[in-house]
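Visitor: Attaching a predicted model along with its sequence, questions to come.
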Amino acid sequence: MQLRLFSKTLVSGRSRVRLTNLVVLAIASLLAFLSIALVAALQRRVATNRDAEVKLERVLTQFNAYQGLPYDADPGQGGSSQDVRRSMRTVEQRIERTLVGLRRDSSLAELADVSAPLSANFATNEEVRVLIARQEQAASDVVSAAAERSQAEVTRVLEVATDRYETRAAAALLQATLGSAGAIVALLAAFALYYRRSIRARLIGEALAGENERLLAATQLQAMTDSLTGLGNRRALMSDLTAQLVDASAEMPLMLTLFDLDGFKQYNDTFGHPAGDALLRRLADRLAITVEGIGSAYRLGGDEFCVLASVPSGDGEAIARLAAAALCEDGSAFDVQSSFGFAFVPNEANSSEAALKLADQRMYALKAAGDRSAARQSTDVLLRVLDERGRGLGEHSGGVARLARLTARALGLEEHEVERVRLAAELHDVGKTAIPDAILSKPTELSEDEWAFMRRHTLIGERIVLAAPSLAHTAVLVRASHERVDGTGYPDQLRGDDIPLGAQIIAVCDAYDAMVRDRPYSRAMSAPDARTELRRCSGSQFDTKVVAAFEAIVESVEPSDATVGASHRGG
C-alpha cells in the first residue's frame, strides 16, 4: 500500500514536473515567440525608416540637380526649351511619386510642409526656363532668386524629415538590440538564432548608413562637376568664388576670367554634336593642364569656360591670354578661337556678381572687335566706301587707327577700350563720304561756308555708325574726334576732360598722320616737324598727356605705318 502510495506520489510528482516542464516550455516558447515578434517588428521599423531616409536623400539629390535644368534651355548655347521642359517634368513627377509613397507608408508632418515650397520651386523654375529660352537674362536673374529661396526652404524641410527618419531608425535599432540582449539573457538557448539575426540586422543597418554617406558624398561631387568635361560647373564656380573672396586683397587679387569659343557653333554644325563634345573635352583638358598650379578651370555650359586664380594684377592679362590659347584649335576645315574678359576682385569689383558682369562685358567687347564680328564686317564695308569715295581716305584711316591703338595702350587703357578707340579711329572720317568732291579735293584753302560744310562730317559720321548697332559704341568718339581742349573745336565746343579720352587720342593721331601726308593744298611735313607741331599745340588743341604718350611710341612705328604720300583733305 505504501508502495502504491509512493508510486502514486512519484507519478504525481513526475506529472507535476512534466506539467511544470510543459508550462515552462510553453511560457518559454511564448516568451520566445513574443520576443521574436517584437524584435521582428522593430527590425521592420528600422528597415522602413532607413528606406525612407534613403528615398529622401535621393529626392534631395534629384531636387538639387533639377535646379540647373532651366539654364540648359538657352538657345544661344544650343539648348532646346521643349527637351528641357520634358526633363523637368520627368524629375518633378519622380519626386512627387516618391513623396506620395512616403506619406502613405511612413508619414511625417514635415512631408506635408514640403508641398507648398516644392510647388513654388517647380513654378519659379518653369518661369526661369521660359525666360532663359527667350534670352531675357535680367528677368531670369530675378526669378532665379525666388527659385533659390524656395529651394532653400524645400532643402531645409527635406533635411529635417531625413533627420527624423534617421532618429526613428536609430531608436528602433537601439530597441531591437536591447530586446535581443534581454531575450538572450532570459532564453539563451531558445533565442541563440535570433541573437545572430539581430547582430546581423545591426551590421546591415550600419553598412546601409555608411553606404548612404558615400552615396551622398558622390552625389554632392556630381552636382558640382560638369558631366561632359569633368571640370567644375557653374555651381562649383560660385561656391569657390564666394569662398575665395574672403582672402582676396589689392596686392593679391582674385582674377575671374570668362572665355567664349568663336567658331564652335559652325564646328558643331559641320561635324556634328558628338565631334563637338569631343572638341570640348579636348579643350577642357588643355585648359585644366594650362592653369594647373595657377588657378581652377570651370565649364559654365555650352561653349563658355572660366578660370579663377589668385594672381598679381600685373600678370593677369598674360595668364588670361595663355588660357585663351589653350581653348583654340584649328584644322583644314575649321578654326575655333577664344574671346575672353577678366575682372579683379576687390580691385575692380567687390562682389562675385559684379565681377561676373564686368568680365562678361569685357569679353563681349573684345568679341565684338574680332575679325568675325558684326562690328568688323560693318567697318570693312564702310572703309571700302570711304576708300572708293576719296583716294587716300581709307589709307589715312588705317594709319590713324594703328597709331591710336599704340597710344591707347601706352596710356594704360583696358584692352576692350583700346579696341574701341582703334575702331573709332578707323571710322572717324566716314562722314566725309557725304562731302562733295569740290570741297574734299579742293587744291586751295576752303571758304568759311565750305569749312562750315566740312565740319558737319563728324555729325554725319555719328549718324552713320549709329545706324549699325554693332558700331554704336564708337559714335561718341567719332563725333568728338575734332574737339579741342581749349573749347574751340567742333561740333560741340567741348573743353578739357569733357572730351572723351579716346577722342583726344584720335585727334592727335589724325593730326599727325595728316601732317606727314601730302594734301591737296599742302605738302607733307617731316616726322620731326610734325611732332614739333604737336608739342606746340599741346595744351590748346591737344591734351598734354596724350601728346606725351604719342611721342613716346611714334618713333618705334615703322615708316610705312607713319608716313605715306597719298593725298586727302583734313579737317
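Guide: Received the coordinates, thanks.

Visitor: I'd like the average pLDDT over stretch 331-338.
Guide: The average pLDDT within stretch 331-338 is 80.

Visitor: List every C-alpha atom in it, with coordinates, as PDB.
Guide: Listed in PDB are the C-alpha atoms of stretch 331-338, where the atom choice follows Å, rounded to 0.1, in the frame of the first residue of the first chain:
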ATOM      1  CA  GLY A 331      42.300  72.300 -88.900                       C
ATOM      2  CA  SER A 332      41.900  72.200 -92.600                       C
ATOM      3  CA  ALA A 333      38.100  72.900 -92.400                       C
ATOM      4  CA  PHE A 334      37.700  74.700 -89.100                       C
ATOM      5  CA  ASP A 335      39.200  77.400 -86.800                       C
ATOM      6  CA  VAL A 336      37.900  77.600 -83.200                       C
ATOM      7  CA  GLN A 337      39.400  80.500 -81.300                       C
ATOM      8  CA  SER A 338      38.500  82.100 -77.900                       C
END
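
Visitor: contacts for it?
Guide: For stretch 331-338, contacts defined as Cβ atoms under 8 Å, 6 or more residues apart in numbering pick out 259-264, 266-267, 270-271, 279, 283, 305, 324-325, 327-330, 370. Every residue, glycine included, has its C-beta placed from N, CA and C.

Visitor: Buried ones among these?
Guide: Taking 16 or more other Cβ atoms under 10 Å as the criterion, what is buried in these is 259-264, 267, 279, 283, 305, 324, 327, 329.

Visitor: centre of the chain versus stretch 492-504, how much separation?
Guide: Relative to the mean C-alpha coordinate of its chain, stretch 492-504 is positioned 37 Å out (Cα atoms, centre = their mean, to the nearest Å).

Visitor: From here on, call the first residue 43.
Guide: Will do, 43 is the new start, and the previous item becomes stretch 534-546.

Visitor: now that stretch: mean pLDDT?
Guide: pLDDT averaged over stretch 534-546 gives 95.

Visitor: buried sites along that stretch?
Guide: Neighbour count says stretch 534-546 has L536, I541, P542, L543, G544, A545, Q546 buried, by 16+ other Cβ under 10 Å.

Visitor: Tell me how the chain divides into domains.
Guide: Domain segmentation of the chain under automatic domain parsing yields 55-265, 276-398, 416-604.

Visitor: As JSON lines, those domains with distance to M405 would be great.
Guide: Shown next, in JSON lines, are these (distance: least, Cβ to Cβ, whole Å):
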{"stretch": "domain 55-265", "distance to M405": "14"}
{"stretch": "domain 276-398", "distance to M405": "3"}
{"stretch": "domain 416-604", "distance to M405": "8"}
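
Visitor: between those, which gets nearest to A407?
Guide: domain 416-604 (3.6 Å; Cβ to Cβ).

Visitor: I'd like the distance between S523 and D304.
Guide: S523 sits 30 Å away from D304, going by Cβ to Cβ, to the nearest Å.

Visitor: Work out the gap between the lengthiest strand in the chain and the centre of the chain.
Guide: Taking DSSP state E as the criterion, the chain has its longest strand at strand 376-387. Averaging C-alpha positions (Cα atoms, centre = their mean) puts strand 376-387 13 Å from its chain's average.

Visitor: for whichever strand or helix holds S129, packing partners?
Guide: Assigned by DSSP states H and E, S129 belongs to helix 123-147. Packed against helix 123-147 by the contact rule (3 or more Cβ pairs under 8 Å, 6 or more residues apart in numbering; DSSP states H and E) you find helix 44-108, helix 151-155, helix 157-175.

Visitor: between that helix and helix 157-175, how many degrees?
Guide: In terms of direction (axes from the mean of the first three to the mean of the last three Cα atoms, to 10 degrees), helix 123-147 departs from helix 157-175 by 170 degrees.

Visitor: hmm, who's touching helix 123-147?
Guide: Here helix 123-147 makes contact (Cβ under 8 Å, 6+ apart) with 90, 94, 97-98, 100-101, 104-105, 107-108, 111-112, 114-115, 117, 150, 153-154, 156-157, 160, 164, 167-168, 171-172, 175.

Visitor: ok, of the residues you listed, which come out buried?
Guide: Buried members of these, scored by 16+ other Cβ under 10 Å, are 90, 94, 97-98, 100-101, 104-105, 108, 111-112, 114-115, 150, 153, 156, 160, 164, 167-168, 171-172, 175.

Visitor: Buried residues in stretch 439-458, which are they?
Guide: For stretch 439-458, by 16+ other Cβ under 10 Å, it's 439-453, 455-458.

Visitor: what's the distance between it and the middle of its chain?
Guide: On Cα atoms, centre = their mean, the centre of stretch 439-458 falls 30 Å from that of its chain.

Visitor: same deal with stretch 84-103?
Guide: Counting by Cα atoms, centre = their mean, stretch 84-103 comes out at 36 Å from the chain centroid.

Visitor: Over to stretch 369-382?
Guide: Relative to its parent chain, stretch 369-382 has a centroid offset of 21 Å by Cα atoms, centre = their mean.

Visitor: swap in stretch 166-173?
Guide: The chain centre lies 18 Å from the centre of stretch 166-173; the measure is Cα atoms, centre = their mean.

Visitor: contacting residues around that stretch?
Guide: Contacts for stretch 166-173 (Cβ under 8 Å, 6+ apart): 108-109, 111-113, 115, 123, 126-127, 130, 181-182, 185-186, 188-189, 192.

Visitor: are any of those buried, and which?
Guide: By neighbour count, with 16+ other Cβ under 10 Å, those hold 108-109, 111-113, 115, 123, 126-127, 130, 182, 185-186, 188-189, 192 as buried.

Visitor: Hmm, R276 and M266 touching each other?
Guide: No - M266 is beyond contact range of R276, at 9.6 Å (criterion: Cβ atoms under 8 Å).

Visitor: list the buried ones in stretch 395-405?
Guide: Result for stretch 395-405 [16+ other Cβ under 10 Å]: buried residues A397, L398, L400, A401, D402, R404, M405.

Visitor: Which of the helices or strands spans the residue lying closest to G441 once chain neighbours are set aside?
Guide: Leaving aside its sequence neighbours, G441 sits nearest to D555 (Cβ to Cβ, 6 or more residues apart in numbering; 4.7 Å). Assigned by DSSP H and E, D555 belongs to helix 543-557.

Visitor: No more questions from me, cheers.
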